[in-house]
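> sequence first, predicted model second:
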Amino acid sequence: MFDPNRVCFFDTTLRDGEQAAGVNLNADEKLQIARQLEKMRVDVIEAGFPAASPGDYKCVQDVSRELKNTTVCGLARTREGDIRAAAQALAQAQRPRLHVFIATSPIHMEHKLKMTPEEVLAEIRSGVGLARSLVQEVEFSGEDASRSDADFLIKAFKVAVDSGATILNIPDTVGYAMPEEFFKFCRKVILGVGAPEGVIFSVHAHNDLGLAAANSLAAVKAGVRQVEGTINGMGERGGNSAIEEVVMAIKTRADYYGLAVNLDTRRLYPVSRMVARLSGVGVPPNKAVVGSNAFAHEAGIHQHGVMANRETYEIMRAEDVGCTPAVMVLGKHSGSHAFRARVESLGYNLDDPQLAKAFAIFKRLCDEKKEATDGDIEAIIADEIFSVTPEYHFELKDYTVHVGSGLAAAAVVLLSGDKELKDAATGNGPVDAAYLAIKRIIKIEPKLESFKVVAASERSDALGEAQVILSHKGLKAQGRGASTDVIKASVKAYVNAVNRLYSVAAAREVHLNGD
Ligand code: KIV
Ligand code: ZN
């Protein structure tokens, strides 16, 4: 039920967030994130755009089956096929919502849609009407709303309400709006539409000019009561509005907004870490709320002030966003119960076979190094549990490298089904040589867009986590691998990225091999 004194949060990490270049989460990873978002009590999870790809359809279906309390949303254009696909994917949701959108700005209507404003209004009527006949709750978005004529947007929203929409979303699709101007725009639209019974206004801001959180908050001031965004602000181009920033602004400045939120902010930090690890999109250390330096005080004068009174330099408490130091480090004597408890407190939800597998790897790791930190455990889960899915093409069976002065050689063995494929190559260094050998085996030459190795924790014996982004034939995919040996981590990450490239290619019906 709509409460005018509360701001709802609509998380689109799995839909708009996943549109970030090079990000492609598999079904298990998406479900893991959705479960965490539900535990954090976000109000709505947009799990995908079912007509866009079989992967999106499956994610909306899986998340619909799984979640009990959170509304699950699927995106659709006003086209009949999109709307029926979204309704079907949502069929098993306890609380389904169908999100219909069409552009309302002059530039999009004329150049992208090639429709007149009257045709767009007719599309809204038929699309929203059909959606409402299939699903109880319908949201309508006027894409590129912030560059639309306010009077036309008001007309479009009135048609959407007449046709059955109860959530009206105002996207700043290209991150063009300025907060003060956007406040006035939202206010005008809200007043112009009037306050139809049970209708709630929503905002969806992009971050091209770094103003997504500011614009979302300006919209809240103007009367919007649903904020759409993603964890860590992940998304295409400059990304989306970061949920953690908006919710903490509303909570920290309750004196200014006077509005309640239902979200459990103590889960923000673990969710942020999970999304960063599974997506491969890291969080900058100085990122507001969830960056590793968000609560660090370097300057002596600040440290002194904080010791005297925390509020001299801290406006939020680290505990309130779940950024608390690890309470224990697990070691070779830790049992499966302690391991399970740690995995759960890190926000992961593994079934018994997954837990047994992760525990066995953890034990092997403890033989190599005495203790495992949270970062190590998260790296094991991300690398060994979620990176491995049956639809993958290649599995790393073995590799060997030899490093001489100025030249390195590598031999790699991959499994593809029951076939063993092997090749060798020389390169500038061991990683380069191994990547060249893999390219000879897979018979495609993806471009290495990015490659980095990071330590899974601050300790010198931490697992090394390699992250790779590959591109080929206009497709991009990320991959990751973890090991105490950084060369092995790098080879695993490359193979993982190749597998994801094949998954993306299958979803888009692109043939990676050949012309
Ligand atoms: O940015 C945008 O306009 C969108 C819509 C589909 C809501 O993502
Ligand atoms: Zn968007």
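Looks like it came in fine. Numbers count the residues shown, from 1 in each chain. Ligands and ions are numbered 1, 2, ... in the order given.

> which regions of the stretch 151-300 of the chain lie under the pLDDT threshold?
Judged against pLDDT under 70, the low-scoring parts of the stretch 151-300 of the chain cover residues 297-300.

> I'd like to know which residues of it are adjacent to ligand 1.
Residues of the stretch 151-300 of the chain lying close to ligand 1 by Cβ under 6 Å from any ligand atom are Asn169, Pro171, Thr173, His204, His206. C-beta here means a position set from N, CA and C on the backbone, and glycine is covered the same way.

> mind listing what the third one touches?
With contacts defined as Cβ atoms under 8 Å, 6 or more residues apart in numbering, the neighbours of Thr173 are Glu143, Asp144, Ala145, Ser146, Arg147, His204, His206.

> with the fourth one instead?
With contacts taken as Cβ under 8 Å, 6+ apart, His204 has the following neighbours: 10, 12, 16, 141, 169-173, 228-229, 240-241.

> which of the contacts of Thr173 fall within strands?
Of the contacts of Thr173, the ones assigned to strands by DSSP state E are Glu143, His204.

> farthest-apart pair in the contacts of Thr173, please.
Using Cβ to Cβ, the contacts of Thr173 span at most 13.6 Å, a distance reached by Arg147 and His204.

> skip the chain neighbours and tell me the closest residue to the residue of the stretch 301-450 of the chain found nearest ligand 1.
The minimum distance from the stretch 301-450 of the chain to ligand 1, using Cβ to the nearest ligand atom, falls at Glu449 (24.2 Å). Among residues not flanking Glu449 along the chain, Ile469 sits closest, at 4.2 Å (Cβ to Cβ, 6 or more residues apart in numbering).

> is that neighbour in contact with Gln478, as I believe?
Yes. The pair Ile469 and Gln478 passes the contact test of Cβ atoms under 8 Å, sitting 5.0 Å apart.

> are there residues contacting both of these two? Which ones?
Jointly contacting Ile469 and Gln478 under the rule Cβ under 8 Å, 6+ apart are Gly22, Gly280, Ala497.

> how many neighbours does the second one have?
Taking other Cβ atoms under 10 Å as the neighbour definition, Gly280 ends up with a count of 26.

> residues contacting it?
Contacts of Gly280 were listed using Cβ under 8 Å, 6+ apart, and they are Gly22, Val23, Gln467, Ile469, Gln478, Gly479, Arg480.

> dump those to CSV, plus secondary structure, neighbour count and distance to ligand 1.
Formatted as CSV, the contacts of Gly280 follow (DSSP: H, G, I helix; E, B strand; the rest coil; neighbours: other Cβ atoms under 10 Å; distance: Cβ to the nearest ligand atom, whole Å):
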residue, secondary structure, neighbour count, distance to ligand 1
Gly22, coil, 22, 19
Val23, coil, 22, 15
Gln467, strand, 23, 26
Ile469, strand, 24, 23
Gln478, strand, 25, 21
Gly479, strand, 23, 26
Arg480, strand, 23, 27
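
> and which of those is nearest Ile83?
Each of those was scored against Ile83 by Cβ to Cβ, and Val23 proved nearest at 26.1 Å.

> what sits closest to that closest one if chain neighbours are left out?
Ser279 (4.9 Å).

> would you mind confirming that that neighbour makes contact with Met234?
Yes. Taking contacts as Cβ under 8 Å, Ser279 lies within contact range of Met234: 6.3 Å.

> what's the overlap in contacts for these two?
Counting by Cβ under 8 Å, 6+ apart, the residues touching both Ser279 and Met234 are Gly17, Glu18, Ala20, Val23.

> phi, psi for the third one please.
Put plainly, it is Ala20. Phi and psi for Ala20, reported as degrees, to the nearest 10, are phi -60, psi 140.

> if I look at the nearest residue to Val199 once chain neighbours are set aside, how far off is Ile243?
With sequence-adjacent residues excluded and distances taken as Cβ to Cβ, 6+ apart, Val199 is closest to Thr166, at 5.4 Å. Distance of Thr166 to Ile243, computed by Cβ to Cβ, to the nearest Å: 22 Å.

> can you check Val401 too?
Counting by Cβ to Cβ, the gap from Val401 to Ile243 is 43 Å.

> got it, and Leu414?
Going from Leu414 to Ile243 by Cβ to Cβ gives 39 Å.

> comparing those two, which shows the higher neighbour count?
More neighbours surround Ile243 than the other of Leu414 and Ile243, with 31 against 23 (other Cβ under 10 Å).

> state the distance from that one to ligand 1.
Per Cβ to the nearest ligand atom, to the nearest Å, Ile243 is found 15 Å from ligand 1.

> does that residue touch Met234 like I think?
No. Between Ile243 and Met234 there is no contact under Cβ under 8 Å: 10.2 Å.

> quick one: contacts for Val431?
Residues in contact with Val431 (Cβ under 8 Å, 6+ apart) are Phe451, Ile487, Ser490, Val491.

> ligand 1 next: which of the residues you listed are close?
Of those, not one also sits near ligand 1 (Cβ under 6 Å from any ligand atom).

> so which of these belong to helices?
Mapping these onto helices (DSSP state H) picks out Ile487, Ser490, Val491.
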